[in-house]
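Trainee: Sequence plus predicted model, see below.
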Amino acid sequence: MSGTSEALKTGPRAELVRFDVEAIRRDFPILHQEVHGRPLVYLDNAATTQKPKAVLEVLQRYYTQDNANIHRGVHELSQRATAAYEGAREKVQRFLNAASSREIIFVRGTTEAINLVAHSFGGANVREGDEILVSTMEHHSNIVPWQILCDAKKARLRVIPVSDRGELEMESFDRLLSPKTRLVSVAHLSNALGTLNPVKQIIRKAHARGIPVLLDGAQAAARVKLDVRDLDCDFYALSGHKLYGPTGIGVLYGKADHLEAMPPFMGGGDMISSVTFERTTYNKLPYKFEAGTPHIAGVIALGAAVDYVDSIGLEAIASHEEELLHRATEGVLSIPGLRVIGTAKEKAGILSFVMEGIHPHDLGTILDQQGIAIRAGHHCTQPLMERFGIPATARASFGMYNTPQEVDALTEGLGKVREVFG
Ligand code: C6P
């Protein structure tokens with residue numbers, strides 16, 4: 001059955017079946033290759049995840065059987081494409097437990113989702129002297145759009161500091177919330193530290209003052225079971241490519257009341273209900289925010305990706321990755337001169353570190369020679385790197401298909417790096 005993992009063919013319900021990582025790996029063709037003569041160990045899942053066959057097959061099928069533009073044609077192919085596109089919206093709605101599919105806006109990714117809110121919500125609601133609250137650990141995608149808005153509106157960006165462990169300083173958060181705050185925008189899960197932020201507490205405190213909250217879910221969506229109604233967030237942004245789906249597609253969830261009140265982000269086809277030179281009226285939700293021909297194949301494949309993730313179960317994925325993270329943390333700490341950056345109590349799936357006397361890029365290059373893919377750099381979090389007084393980290397990030405043996409290969413690989421550099 002399309003969208004169902006091979007891993008679960010042994011039983012009817014995800015939670016009743018042992019997490020069979022070898023079966024999951026068989027669903028991901030790209031994993032079965034050698035790099036520099038060694039089996040690929042892919043530990044760069046925070047940058048992008050690999051795609052299961054279920055997603056690849058949906059892309060292939062769409063372009064070979066159903067390709068047509070949506071919402072326009074009376075012909076069979078267009079109707080099929082439209083049904084698949086809108087069907088995927090319902091899948092994403094269920095995945096996020098949103099109240100309505102009207103609250104699911106398809107965008108290019110997290111970056112576009114945040115820019116949409118900054119431009120549209122920010123443009124309508126932020127005035128001179130107002131404040132937007134972000135944190136030191138944000139990705140540039142959750143800093144720069146707010147800086148652009150603040151520059152345009154003469155508003156001010158305020159920043160929640162981060163402790164030495166890489167946790168948000170919640171007393172400072174309490175102090176920074178003020179009658180001037182128009183929006184709080186924070187990462188659900190930090191891409192550079194692996195910190196899982198106390199987002200429910202943040203939302204509760206912000207809402208007590210009537211302040212809406214946007215969560216950057218780029219990293220959390222593939223690692224945390226999501227329920228936007230339980231979280232009660234106002235906006236949630238995510239990228240399909242970090243959720244085992246294709247690049248170029250993502251989601252902005254927004255509460256219908258906000259989205260209804262917000263002006264369009266981009267103008268063009270599909271987002272209007274009527275156009276004259278005197279007056280244009282806009283389409284209803286969610287189409288008001290989806291101008292032009294969207295990434296139809298990407299949306300449909302994202303639907304297949306969330307089906308696939310659901311078939312494994314996010315709780316099962318999260319506990320598998322927690323074991324990997326624990327094993328990796330213990331392993332890397334056995335390497336002399338290695339320091340973990342980000343030692344929060346609540347972490348998920350991401351391990352950043354530095355090694356004395358070795359630039360993370362050199363470290364990454366030596367691991368690559370052993371077939372091990374990690375990321376080295378500032379991870380688009382330069383203010384966070386500055387906070388820790390380092391230019392960059394090496395980062396291993398896990399996915400549902402990683403194994404304890406791969407984690408051990410990382411530890412061994414780092415041991416070799418230490419030998420090379422002495
Ligand atoms: N982080 C990483 O290697 P886009 O590029 O729009 O799909 O996602 C942007 C983004 C926003 N927020 C967070 C927390 C992120 O981690 C990312 C992407 C990648 O960490 C690429 S820099």
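Mentor: Ah, there it is. What you see is a predicted model; the values in this text were computed from it and never measured. Numbering: from 1, shown residues only.

Trainee: CA only for contacts and neighbour counts going forward, please
Mentor: Noted.

Trainee: ok, now how distant is the residue of the stretch 1-150 of the chain found nearest the ligand from residue 154?
Mentor: Proximity of the stretch 1-150 of the chain to the ligand (CA to the nearest ligand atom) peaks at residue 47, 3.3 Å away. Computed with CA to CA, to the nearest Å, the distance linking residue 47 and residue 154 is 34 Å.

Trainee: I'd like to know how many residues surround residue 333.
Mentor: Residue 333 is flanked by 14 other residues according to other CA atoms under 10 Å.

Trainee: let me redo that: residue 153
Mentor: Counted with other CA under 10 Å, residue 153 comes out at 16.

Trainee: so what's the residue positioned nearest the centre of the chain up against?
Mentor: Centroid-nearest residue in the chain: residue 218, 1.5 Å away (criterion: CA atoms, centre = their mean). Taking CA atoms under 8 Å, 6 or more residues apart in numbering, we find residue 218 in contact with 110, 189, 237-239, 242.

Trainee: of all these, which comes closest to the ligand?
Mentor: Closest to the ligand, out of all of those and judged by CA to the nearest ligand atom, is residue 110, at 3.9 Å.

Trainee: The residue nearest to the centre of the chain: what secondary structure?
Mentor: coil (DSSP: H, G, I helix; E, B strand; the rest coil).

Trainee: Tell me the confidence at residue 72?
Mentor: We have a pLDDT of 81 for residue 72.

Trainee: Next, it: secondary structure please.
Mentor: Applying three-state DSSP: residue 72 is coil.

Trainee: burial measure for it, as a count.
Mentor: 11.

Trainee: So it is in contact with residue 80, correct?
Mentor: No - if you go by CA atoms under 8 Å, residue 72 and residue 80 don't touch, sitting 11.6 Å apart.

Trainee: which secondary structure element contains residue 405?
Mentor: Per DSSP states H and E, residue 405 falls inside helix 404-421.

Trainee: Report the buried residues of that helix.
Mentor: 404, 406-418 (16 or more other CA atoms under 10 Å).

Trainee: Determine the number of other residues adjacent to residue 38.
Mentor: Neighbours of residue 38 (other CA under 10 Å): 13.

Trainee: In contact with it, which residues?
Mentor: 370-371.

Trainee: Tell me the spacing between it and residue 160.
Mentor: In terms of CA to CA, residue 38 sits 43 Å off from residue 160.

Trainee: which helices and strands sit right next to whichever strand or helix holds residue 175?
Mentor: Element membership of residue 175, judged by DSSP H and E, is helix 170-176. Counting by 3 or more CA pairs under 8 Å, 6 or more residues apart in numbering; DSSP states H and E, the packing neighbours recorded for helix 170-176 are strand 156-160.

Trainee: how about whichever strand or helix holds residue 252 as CSV, C-alpha atoms only?
Mentor: Assigned by DSSP H and E, residue 252 falls within strand 250-254. C-alpha atoms of strand 250-254 as CSV (Å, rounded to 0.1, in the frame of the first residue of the first chain):
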residue,chain,number,x,y,z
GLY,A,250,6.4,23.6,3.3
VAL,A,251,3.5,24.5,5.4
LEU,A,252,2.3,27.5,7.3
TYR,A,253,-0.4,26.6,9.8
GLY,A,254,-2.3,29.6,11.1
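
Trainee: who's in contact with the residue nearest to residue 331 when sequence neighbours are not counted?
Mentor: Closest residue to residue 331 apart from its sequence neighbours, by CA to CA, 6 or more residues apart in numbering: residue 411 at 5.5 Å. By CA under 8 Å, 6+ apart, the contact set of residue 411 is 328, 331-332, 335.

Trainee: would you turn those into a markdown table with pLDDT and secondary structure?
Mentor: What follows is the contacts of residue 411, written out as a markdown table (pLDDT from 0 to 100; DSSP: H, G, I helix; E, B strand; the rest coil):
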| residue | pLDDT | secondary structure |
| --- | --- | --- |
| 328 | 98 | helix |
| 331 | 98 | helix |
| 332 | 97 | helix |
| 335 | 96 | coil |
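
Trainee: check those residues against the ligand, which are close?
Mentor: When contact is defined as CA under 6 Å from any ligand atom, these do not meet the ligand at all.

Trainee: Including neighbour count, could these go into TSV?
Mentor: Shown next, in TSV, are the contacts of residue 411 (neighbours: other CA atoms under 10 Å):
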residue	neighbour count
328	23
331	18
332	23
335	17
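
Trainee: Show me which of these is closest to the ligand.
Mentor: Nearest to the ligand among the contacts of residue 411, with distances taken as CA to the nearest ligand atom, is residue 328, at 18.4 Å.

Trainee: Any figure for the gap between the closest one and residue 45?
Mentor: 15 Å.

Trainee: Check the offset of the helix holding residue 175 from the chain's centre.
Mentor: Remark: helix 170-176 is offset 25 Å from the chain centroid, using CA atoms, centre = their mean, to the nearest Å.
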